[in-house]
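**Student:** What would the 3D arrangement of this be:
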Amino acid sequence: MIHGELIALGIAIDKKPEYKKAKAAQDRFDIIFKEILKEWTDKSERYIVGKNFSGDGHALQLVWKYGYILEVGVGHDYDKSCPDTDVLLQEILQKPLGQFVQSITVKVTDGGMRGYIDFESCLSKIVLQGRQPNLKKLVIGDCYPPEADLSWCSVGDCSGIFSLLPNLEYIKTRGRNVIFGKLKHQKLKKLLVESGGLSAEAVKSIAKADLPSLESLEVWFGSKEYGAQGSINMIKPLLQGKGYPKLKHLGLMNAEFQNEITQALVKAPIVKQLSSLDLSMGTMTDKGAQALVDNVDTFIHLDYIDVCDNFLSEQMSSRLRRVYSNKINISEQGDPDEDEDGDSYIYVSAGE
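**Tutor:** Residues are numbered from 1 along each chain as shown. Okay, here's the model as predicted:
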């Protein structure tokens, strides 16, 4: 009965939101919602904000329609005595209202105060729900400084989710210790892997993936100081275009081997099918950028090239602008730093 009333109220609100009856429907809608929340967990109401509910917390954010939750954002509120992030997520997914969830975003967990944020338990709760054909978007690690440094975040094992989410179209992970295993999915369209220290295992999984529908891929490799193990040899299968027949946007970013990546792309078959290329945030110098200047015919078909936040000289930046005009972003170039011995060094944008 409650679900039936929620659906009827939702339809009334959507059809004529400006009418007085719609306002009354919205008020009744909110009352029912609050009553349902109280069944989930003690003091749930304190932690929730959403499209149809007004609250003062941010641990749990919901977007819902016609009596069912469509989008879930779950995190931890350090200002309140809040349930653990994975507990909140499980409570949502196990309830009838959560059976049609289309999007899950996992933010900071309760470990942030200790400088270590682990998303493994949240991933486990998603896997425990079994097959979820409605879920299309998954974000693991939607937290940023000053709330959480990238190096604090540990993603965990994602290998079990792909077979259980057959209609997944978008996934983003942010942090280290990410495990993909054999990366294979028929409908995934966008994959973003942001890390300050991507392991060899993860790099190889991405390079050898079978993602026939993927249109956009961005990978942050990171710094060796924070565990990065990627190399140009590891990504050769990706550069050949294997497993990525529909890829249009490729980001190979935040790498300490950015020069090698740029040089390898000159003869990489995958470049022909791309419309945009992102080589930003890394340690590209004039040596690497020279490949873009010398091989214009290879890259000129691209609509957009991003080499910002690297270490290019003003002279090289000018040459790139002359060659690629407004197709290329060369902003925010850095200068090498010096250590205590006076030796210069360069570094990726996101490690810590």
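
**Student:** any chance you could map the helices in the stretch 201-350 of the chain?
**Tutor:** 236-239, 258-265, 286-294, 296-299, 314-324 (DSSP state H, counting those that start in this stretch).

**Student:** show me the contacts for Glu169.
**Tutor:** Residues in contact with Glu169 (CB atoms under 8 Å, 6 or more residues apart in numbering) are Lys136, Lys137, Lys187, Leu188, Lys189, Lys190. Every residue, glycine included, has its C-beta placed from N, CA and C.

**Student:** of these, closest to Ile117?
**Tutor:** Lys137 (20.6 Å; CB to CB).

**Student:** Name the single longest helix found in this structure.
**Tutor:** The longest helix of the chain (DSSP state H) is helix 20-40.

**Student:** what's the closest non-adjacent residue to Leu93?
**Tutor:** Closest residue to Leu93 in three dimensions, ignoring its sequence neighbours and counting by CB to CB, 6 or more residues apart in numbering: Gln129, at 4.9 Å.

**Student:** Asn295 now?
**Tutor:** Residue nearest to Asn295 in three dimensions, not counting chain neighbours: Val266, with 4.8 Å by CB to CB, 6+ apart.

**Student:** before we move on, the earlier item: residues contacting the residue nearest to Leu93?
**Tutor:** The neighbourhood of Gln129, defined by CB under 8 Å, 6+ apart, consists of Leu93, Gln94, Leu164.

**Student:** Quick check: closest non-adjacent residue to the last one.
**Tutor:** Okay, so that is Leu164. Distances taken as CB to CB, 6+ apart place Arg131 nearest to Leu164, at 5.2 Å, with adjacent residues excluded.

**Student:** roughly how far apart are the one you found and Pro166?
**Tutor:** Going from Arg131 to Pro166 by CB to CB, to the nearest Å gives 7 Å.

**Student:** Compare neighbour counts for those two and give me the winner.
**Tutor:** The neighbour comparison of Arg131 against Pro166 (other CB atoms under 10 Å) goes to Pro166, with 13 against 9.

**Student:** who touches that one in this structure?
**Tutor:** Arg131, Pro133, Gln186, Lys187.

**Student:** Would you reformat these as TSV and include pLDDT and secondary structure?
**Tutor:** As requested, those are exported to TSV (pLDDT from 0 to 100; DSSP: H, G, I helix; E, B strand; the rest coil):
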residue	pLDDT	secondary structure
Arg131	94	coil
Pro133	96	coil
Gln186	97	coil
Lys187	98	coil
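
**Student:** so which of those comes closest to Arg176?
**Tutor:** Checking those against Arg176 with CB to CB, the nearest one is Lys187 at 27.1 Å.

**Student:** burial measure for the closest residue to that closest one other than its chain neighbours, as a count.
**Tutor:** Computed as CB to CB, 6+ apart, the closest residue to Lys187 that is not its neighbour in sequence is Ser213, at 5.2 Å. The burial count assigned to Ser213 is 15, neighbours taken as other CB under 10 Å.

**Student:** okay, which residue is most central for the protein?
**Tutor:** Lys172 (2.5 Å; CA atoms, centre = their mean).
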